[in-house]
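>>> Sequence and predicted structure, then a few things I'm wondering about:
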Amino acid sequence: MFSSLPRDGLLLFSTRIVRLFAYGFLSVILVLYLSEVGIGDTQIGLLLTLTMIGDAAISLWITTSADRMGRKKMLIVGAGLMLLAGLVFVMTGNVALLTIAAIIGVISPSGSEVGPFLSIEQAALSQIVPNEKRTQIFAWYNLVGAFATALGALIGGALAQGLQAFGYTALESYRLILVGYAASGVILALMFSQLSQAIEAQKINSTKQPSHQTQFGLHHSRSIVFRLSALFALDAFGGGLVMQSLIAYWLHLRFGLEPAVLGAIFFGANILAGLSVLAAAWLAERIGLINTMVWTHIPSNILLILFPLMPSASLAILLLLARYSISQMDVPTRQSYTMAVVAPDERSAAAGVTSIARSVGSSVAPSITGVFLSLSFFPAPFVLAGVLKIVYDLLLYKNFRALKPPEEES
């Protein structure tokens, strides 16, 4: 698969690895660093919330402008924002300056993908690989990112602990990791600068679109993208009710599992989820993208509903692992489908708008789960999440099964 990728594709895979490694590298120590410089828990929570809001806003602006202003240029801008955030975090402990840097810059508190990169890279990859290989490419793209994040987190934590063992203070060790994060922004900018004109958006015709027909960088595919975004927001809201950290907390409350055990469970679960994306590409070639998204997602959501009803920890863990083994198969297929059904010069914008919709959907859900848990309605978040996600699956199938990507039209 990698041997068939053009040079630009290999570069985009490489930037994905560097970026996700940097996110994982920083995620382990970010909150520890903020606490070490004297920022209180409430301020840390607010800063992280503003970080996510800022990343979403910056991403929306960059991704909806990329097809018009240049994808390569906007990727370099994103790398510059990573560098800016890293440098400010290294140089000051002032909460106001850190907050501004977190809002304007690109920082990932969770180690997962943030910023404009994912949307633009998806659009570029869709343009330089054949339609029939797009889903397979996206599967590997997601897999290498997952392993890069895990490796970055492992090395970041070990490096901080090792530096402290050699006499560095905790604050000094954290700042060196932040220097590494800032350096990754420079490396990414250099790598993005090597991309060719082949990744840039190709206009579908020479007629300039009237300004009133363009919203968020969308024109011909605006209706499709908005409908997909609404459905993706519903799915993300359901997922936000049962975020990984909340599942871990529920297992601790329900069965008294300790953090070390929880860490081992979710390490295994995420490995299964990462490997499952390869199976998704294989399955999509045989039954289609929409069918793969829907008919793997519904069983995983049935398992989600059953999960809190298990009478023992071993059965609950077994169901959880079974769910993770199929729950992420819709990710590369969803990304591939979105790129396939929009116009070539709208791909960055489409990926950006749908990504923001998912972010908004997931951001409001955890507070509802907190209410359920505080009232001891322990199964409620899982049942509600499973039902909402099944509704999403059925609506997606009803509304989009007839809209096929080019590789399936024959």
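Done, it's in.

>>> alpha carbons only for contacts and neighbour counts from here, please
OK.

>>> ok, so what distance separates the most centrally placed residue in the chain from Phe378?
Centroid-nearest residue in the chain, with CA atoms, centre = their mean: Glu113, separated by 4.2 Å. Distance of Glu113 to Phe378, given as CA to CA, to the nearest Å: 29 Å.

>>> And for Ile287?
The gap separating Ile287 from Phe378 is 37 Å, by CA to CA.

>>> One more: Ala101?
For Ala101, the distance to Phe378 - CA to CA - is 38 Å.

>>> thought Leu257 was touching Ile247?
No: the criterion here is CA atoms under 8 Å, and Leu257 misses it with Ile247 at 11.5 Å.

>>> Same drill for the two, tell me which one is more crowded.
Ile247 (18 against 15; other CA atoms under 10 Å).

>>> Need the three-state assignment for the more buried one.
Of the three states, Ile247 takes helix under DSSP: H, G, I helix; E, B strand; the rest coil.

>>> How about the secondary structure of Gly152?
Under three-state DSSP, Gly152 comes out as helix.

>>> And the pLDDT for it?
We have a pLDDT of 83 for Gly152.

>>> ok, it touching Phe25?
Yes: counting by CA under 8 Å, Phe25 is a contact partner of Gly152 at 4.2 Å.

>>> Looking only at neighbour counts, state which of the two leads.
Phe25 (28 against 25).

>>> circling back: quick check: phi and psi at the residue nearest to the centre of the chain.
phi -60, psi 130 (degrees, to the nearest 10).

>>> who touches it in this structure?
20, 23 (CA atoms under 8 Å, 6 or more residues apart in numbering).

>>> pLDDT score for it?
76.

>>> in the stretch 201-350 of the chain, which spans are helices?
Applying DSSP state H, counting those that start in this stretch to the stretch 201-350 of the chain gives helices spanning 222-241, 244-255, 259-287, 289-306, 313-327, 330-340, 347-363.

>>> okay if I get those as JSON lines plus distance to Asn142 and mean pLDDT?
Listed next are the helices of the stretch 201-350 of the chain as JSON lines, based on distance: least, CA to CA, whole Å; pLDDT from 0 to 100:
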{"stretch": "helix 222-241", "distance to Asn142": "18", "mean pLDDT": "91"}
{"stretch": "helix 244-255", "distance to Asn142": "18", "mean pLDDT": "78"}
{"stretch": "helix 259-287", "distance to Asn142": "7", "mean pLDDT": "82"}
{"stretch": "helix 289-306", "distance to Asn142": "15", "mean pLDDT": "95"}
{"stretch": "helix 313-327", "distance to Asn142": "14", "mean pLDDT": "92"}
{"stretch": "helix 330-340", "distance to Asn142": "7", "mean pLDDT": "91"}
{"stretch": "helix 347-363", "distance to Asn142": "15", "mean pLDDT": "82"}
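
>>> Any idea which of those helices gets closest to Met82?
In terms of CA to CA, the element of these nearest to Met82 is helix 347-363, at 18.0 Å.

>>> Need the CA coordinates for the closest one. PDB is fine.
The C-alpha coordinates for helix 347-363 follow below in PDB (Å, rounded to 0.1, in the frame of the first residue of the first chain):
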ATOM      1  CA  ARG A 347     -13.000  18.800   0.400                       C
ATOM      2  CA  SER A 348     -11.000  20.800   3.000                       C
ATOM      3  CA  ALA A 349     -14.100  22.800   3.900                       C
ATOM      4  CA  ALA A 350     -16.300  19.800   4.000                       C
ATOM      5  CA  ALA A 351     -13.900  17.900   6.300                       C
ATOM      6  CA  GLY A 352     -13.600  21.000   8.500                       C
ATOM      7  CA  VAL A 353     -17.300  21.700   8.800                       C
ATOM      8  CA  THR A 354     -18.100  18.000   9.600                       C
ATOM      9  CA  SER A 355     -15.200  17.900  12.100                       C
ATOM     10  CA  ILE A 356     -16.400  21.000  13.900                       C
ATOM     11  CA  ALA A 357     -20.000  19.600  14.000                       C
ATOM     12  CA  ARG A 358     -18.600  16.500  15.800                       C
ATOM     13  CA  SER A 359     -16.600  18.600  18.200                       C
ATOM     14  CA  VAL A 360     -19.700  20.700  19.100                       C
ATOM     15  CA  GLY A 361     -21.800  17.500  19.500                       C
ATOM     16  CA  SER A 362     -19.300  15.800  21.800                       C
ATOM     17  CA  SER A 363     -18.500  18.800  23.900                       C
END
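
>>> angle of that helix against helix 330-340?
Here helix 347-363 runs at an angle of 140 degrees relative to helix 330-340 (axes from the mean of the first three to the mean of the last three CA atoms, to 10 degrees).

>>> So which residues make contact with helix 347-363?
Outside helix 347-363, the residues that touch it by CA under 8 Å, 6+ apart are 56, 59-60, 63-67, 116, 119-124, 201, 216-218, 225-226, 228-230, 232-241, 335, 338-339, 342.

>>> What are the contacting residues of stretch 296-309?
With CA under 8 Å, 6+ apart, stretch 296-309 has contacts from 316, 319-320, 322-324, 326-327, 329-330, 378-379, 382-387, 389-390, 393.

>>> separation between the residue at the greatest distance from the centre of the chain and Ser173?
Centroid-distance maximum for the chain: Gly167 at 36.3 Å, with CA atoms, centre = their mean. Taking CA to CA as the measure, Gly167 falls 10 Å from Ser173.

>>> same deal with Ser300?
Ser300 is 41 Å from Ser173, by CA to CA.

>>> which one of those two has more residues nearby?
Ranked by neighbour count (other CA under 10 Å), Ser300 and Ser173 place Ser300 first, with 24 against 21.

>>> from the chain's centre, how far out does the host helix or strand of Ile187 sit?
When secondary structure is defined by DSSP states H and E, Ile187 falls within helix 170-192. Distance, stretch centre to chain centre, for helix 170-192: 21 Å (CA atoms, centre = their mean, to the nearest Å).

>>> Can you tell me which helices and strands that helix packs against?
When contacts are defined as 3 or more CA pairs under 8 Å, 6 or more residues apart in numbering; DSSP states H and E, helix 170-192 packs onto helix 7-27, helix 30-36, helix 71-91, helix 131-165.

>>> Before I go, just wanted to say thanks for your time.
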